[in-house]
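Visitor: With the sequence up front, the predicted model follows.
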Amino acid sequence: MQTAEQTLDEILNLAAVHFKVPREKLSPDDDFFKTLEVDSLQTLDLLTKLENHFRVELPDYELQGVSDFRTLAGKIQARL
Amino acid sequence: MHEEKAIATLAGTCGGSALSWTLADGVIELALHRAPCNELGSESLEEFERFVTALARMEAEAHALIIYSEMKPGFCAGADLRELYQRSQGMEKAAAGKSVRDFLERIHRVLNLIDASSLTTIAAVHGVTFGGGLELALACDLIVADKMARFCFPELRLGLIPGFGGIPRLKRDVGNAVVRDLLLTGRSFNANKAQQIGLVSQVAGEGEALRAARATAAQLKKFDRATAAAAKRFIKPIPHEELRREIDLFCELFARPAVEAGLRKFVESTDAQPYLP
């Protein structure tokens, strides 16, 4: 099974592509709502991409209050 | 109406600002294009009513109907909650209740006609397919989903249940446990999950749902129409009794103060995640 750090790294790579920002501009503790000015629809798209990529099911109510990549990675890691 | 039929027969476009339709090679394509995400309000309903009137006239010349969205965020985000809230604010309680019931009766009539159409009907969905949007897709025979599509019944957070026929139609297609999951948790499913549970018949690549739906519609042309229509009538009964009870229950719940508070919260929300349950 992959490590939590690997999961986090993959999420940051996916987010960089999804939001069209340079990977080096994203850090694990970024508040993506503020840093990337993400709206709810983009959040849903990212959730779908993450579910498809990691082949997990992540109920969206678990994302309530999640705003940084590290916490998001923890939620996904718990379902791998 | 004769003019509508003539235009459609010539593969022209009919419709209005919320939706439009064409008929070409036996396939009717109904495009939804009301910003931001095809929210279903009174304007959309009027155009849907015009569409189902035209549909009855076009059926003899067609074998398939495809419903899709031209809006980037998704297929349809459901009922126009802002309109619902604002309309109810300007009315006495009893009048607001009657207005809601009238709206539901009308949209049920539209969806029942699409559900019972003799054509084979396909919803080609992408992105947000929530609430009334999912209910519209459920009225179709097949759902072809872009892999980025998400499905959800978020009504409980407003103190309501789906009111456009969603529960009886979902129950017709999938197991009761799935209905309870979608309904009682309000969580959204992605397209792969929706296919696993039997809600979606095909998952297409990103941006490919309409192409896949068109390929399916082309296949349907090979079959005898009367046989296909008979098969559909045999396998897809319309749950009229449960649909009636759903309207009654929705109206009963709508009269509670919690609903007004839930709608107000939604309308006034500055939450970054209004689409998340």
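Guide: Arrived safely, thanks for sending. Owing to the predicted nature of the structure, the values given are computational and were not obtained by experimental measurement.

Visitor: Tell me where the longest helix sits in chain B.
Guide: What stands out as the longest helix in chain B, according to DSSP state H, is helix B:93-116.

Visitor: Would you mark the buried spots in it?
Guide: Residues B:96-97, B:99-101, B:103-104, B:107-108, B:110-115 are the ones in helix B:93-116 that count as buried (16 or more other C-beta atoms under 10 Å in any protein chain shown). In this view, the C-beta of every residue, glycine as well, is placed from N, C-alpha and C.

Visitor: now do stretch B:238-256
Guide: By neighbour count on 16+ other C-beta under 10 Å, the buried set for stretch B:238-256 is B:238, B:239, B:243, B:246, B:247, B:250, B:253, B:254.

Visitor: Ok, stretch B:163-175 next?
Guide: For stretch B:163-175, the neighbour count (16+ other C-beta under 10 Å) marks B:163, B:164, B:165, B:166, B:167, B:168, B:169, B:170, B:171, B:172, B:174 as buried.

Visitor: Where does the nearest residue to the fifth one once chain neighbours are set aside sit, in terms of helix or strand?
Guide: In this case it means residue B:167. In this structure, residue B:167 finds its nearest non-sequential neighbour in residue B:246, 5.9 Å apart by C-beta to C-beta, 6 or more residues apart in numbering or on different chains. Per DSSP states H and E, residue B:246 falls inside helix B:240-254.

Visitor: what residues does that helix touch?
Guide: Identification of contacts with helix B:240-254 by C-beta atoms under 8 Å, 6 or more residues apart in numbering or on different chains yields B:97, B:100-101, B:104-105, B:108, B:112, B:159-163, B:165-168, B:171, B:259.

Visitor: any chance you could read off phi and psi for residue 79?
Guide: Just so you know, I chose chain A. phi -110, psi 0 (degrees, to the nearest 10).

Visitor: my bad, chain B
Guide: Torsion angles at residue B:79 (phi, psi; degrees, to the nearest 10) stand at phi -60, psi 150.

Visitor: quick one, helices of the chain?
Guide: This is for chain A. Using DSSP H, the helices of chain A run over A:4-18, A:32-35, A:40-54, A:69-77.

Visitor: should've been chain B
Guide: All helices of chain B, identified by DSSP H, fall at B:2-9, B:42-58, B:81-89, B:93-116, B:132-138, B:166-173, B:176-185, B:191-196, B:209-220, B:225-235, B:240-254, B:257-268.

Visitor: Need the ones you listed in JSON lines (columns: mean pLDDT).
Guide: What follows is the helices of chain B, written out as JSON lines (pLDDT from 0 to 100):
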{"stretch": "helix B:2-9", "mean pLDDT": "43"}
{"stretch": "helix B:42-58", "mean pLDDT": "96"}
{"stretch": "helix B:81-89", "mean pLDDT": "85"}
{"stretch": "helix B:93-116", "mean pLDDT": "94"}
{"stretch": "helix B:132-138", "mean pLDDT": "98"}
{"stretch": "helix B:166-173", "mean pLDDT": "96"}
{"stretch": "helix B:176-185", "mean pLDDT": "94"}
{"stretch": "helix B:191-196", "mean pLDDT": "96"}
{"stretch": "helix B:209-220", "mean pLDDT": "98"}
{"stretch": "helix B:225-235", "mean pLDDT": "96"}
{"stretch": "helix B:240-254", "mean pLDDT": "96"}
{"stretch": "helix B:257-268", "mean pLDDT": "84"}
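
Visitor: how many neighbours does the residue of the stretch 101-250 of chain B found nearest chain A have?
Guide: With C-beta to the nearest C-beta, the shortest gap between the stretch 101-250 of chain B and chain A falls at residue B:187, namely 4.5 Å. Residue B:187 has 20 neighbouring residues, counting by other C-beta atoms under 10 Å in any protein chain shown.
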